[in-house]
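Colleague: Okay, predicted coordinates and the sequence, questions at the end:
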Amino acid sequence: MKEDIKYEMVVYWSEDDDAYIAEVPELPGCMADGRTYEEAIKNTLTVIKEWIETAMELGREVPKPKGRLIYA
């Protein structure tokens, strides 16, 4: 699998979780957290790869990255 991830991430601080949360709007349910902004990004990159691998194993469509959030 190509390692060059081009999906957009939305990163924000969650007081409830006491962590940064990173969501990938184009991949439903794809999100991760981290104690730092950088850790949240790193963890999300791992989860994106796992999301794509799982979708492929299940025969589901993997959306092509649009690169910029179109519904902002």
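Modeller: It's in.

Colleague: Pick out the residue nearest the middle of this structure.
Modeller: Central residue of the chain (CA atoms, centre = their mean): Val24, 3.7 Å from the mean position.

Colleague: give me the number of residues near the closest residue to that residue other than its chain neighbours?
Modeller: Spatial nearest neighbour of Val24, excluding adjacent residues (CB to CB, 6 or more residues apart in numbering): Cys30 at 4.0 Å. (C-beta placed from N, C-alpha, C; glycine too.) When neighbours are counted by other CB atoms under 10 Å, Cys30 registers 19.

Colleague: before we move on, what about Ala19?
Modeller: Ala19: 17 surrounding residues under other CB under 10 Å.

Colleague: That one against Arg35, yeah?
Modeller: Yes - the criterion here is CB atoms under 8 Å, and Ala19 meets it with Arg35 at 6.0 Å.

Colleague: before we move on, back to that, any idea how far Asp17 is from the residue nearest to Val24?
Modeller: Separation of Cys30 from Asp17 (CB to CB, to the nearest Å) stands at 17 Å.

Colleague: Same question for Lys6.
Modeller: Distance of Lys6 to Asp17, computed by CB to CB: 26 Å.

Colleague: tell me the contacts of Ile48?
Modeller: 5, 7, 24, 27, 30 (CB atoms under 8 Å, 6 or more residues apart in numbering).

Colleague: Contacts only, for Met31.
Modeller: 21-24, 44, 47.

Colleague: Of these - the most surrounded one?
Modeller: Most neighbours among the contacts of Met31, by other CB under 10 Å: Thr44, with 27 neighbours.

Colleague: That one falls within a helix, correct?
Modeller: Yes - under DSSP: H, G, I helix; E, B strand; the rest coil, Thr44 falls within a helix.

Colleague: Asp33 is in what secondary structure piece?
Modeller: Asp33 belongs to strand 31-34 when assigned by DSSP states H and E.
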